[in-house]
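**Q** this one's sequence-less:
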């Protein structure tokens, strides 16, 4: 069992930066692929970024590549999402997720078994 808790969301202006954190409990964090997803009002949940268990492989959605950076600290059981150059269209609830059944970074939501409760990010224009 893995429990995930996101933090770091908030209200910012366009162009600002935020860093989201995801704290994980459980002994499988370091062997789990991890990911960030987001869901805006009236829209489906979408993939943002993923990172392999070792942190050596990352993938990003086209909409955030070059602006967002995913990272992890296996010693601290934490994952991060550094978000730079935020835009109003980045406004959403952001979720972290764990995929302990895979050793590969994965963009597919159905491969993630555990999800956090989400943290709201609001970007004003």
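**A** Perfect, I can see it now. Quantities reported herein were computed from a predicted structural model and do not represent experimental measurements.

**Q** which strand residues bridge the closest residue to residue 8 other than its chain neighbours?
**A** Excluding its sequence neighbours, the residue lying closest to residue 8 (Cβ to Cβ, 6 or more residues apart in numbering) is residue 20, at 4.2 Å. In this view, the C-beta of every residue, glycine as well, is placed from N, C-alpha and C. In this entry, residue 20 is beta-bridged to residue 81, by DSSP bridges.

**Q** how about residue 63, what does it touch?
**A** Applying Cβ atoms under 8 Å, 6 or more residues apart in numbering, one finds that residue 63 lies in contact with residue 89.

**Q** let me fix that: residue 14
**A** Residue 14 makes contact with 86, 87, 88, 123, 124, 125, according to Cβ under 8 Å, 6+ apart.

**Q** list the contacts for the nearest residue to it once chain neighbours are set aside?
**A** Excluding the flanking residues, the one nearest residue 14 by Cβ to Cβ, 6+ apart is residue 125, at 5.3 Å. Neighbouring residues of residue 125 by Cβ under 8 Å, 6+ apart: 13, 14, 88.

**Q** so which of the residues you listed is the closest to residue 40?
**A** Ranked by distance to residue 40 (Cβ to Cβ), these are led by residue 88 at 10.4 Å.

**Q** flag the shaky bits of this structure, pLDDT-wise.
**A** By pLDDT under 70, the chain has no low-scoring segment.

**Q** so which residues of it form strands?
**A** 3-7, 10-13, 18-25, 33-39, 46-51, 58-60, 68-73, 78-83, 92-99, 114-115, 119-124 (DSSP state E).

**Q** same for the last one, what does it pack against?
**A** Which is strand 119-124. Counting contacts by 3 or more Cβ pairs under 8 Å, 6 or more residues apart in numbering; DSSP states H and E, strand 119-124 packs against strand 10-13, strand 18-25, strand 92-99.
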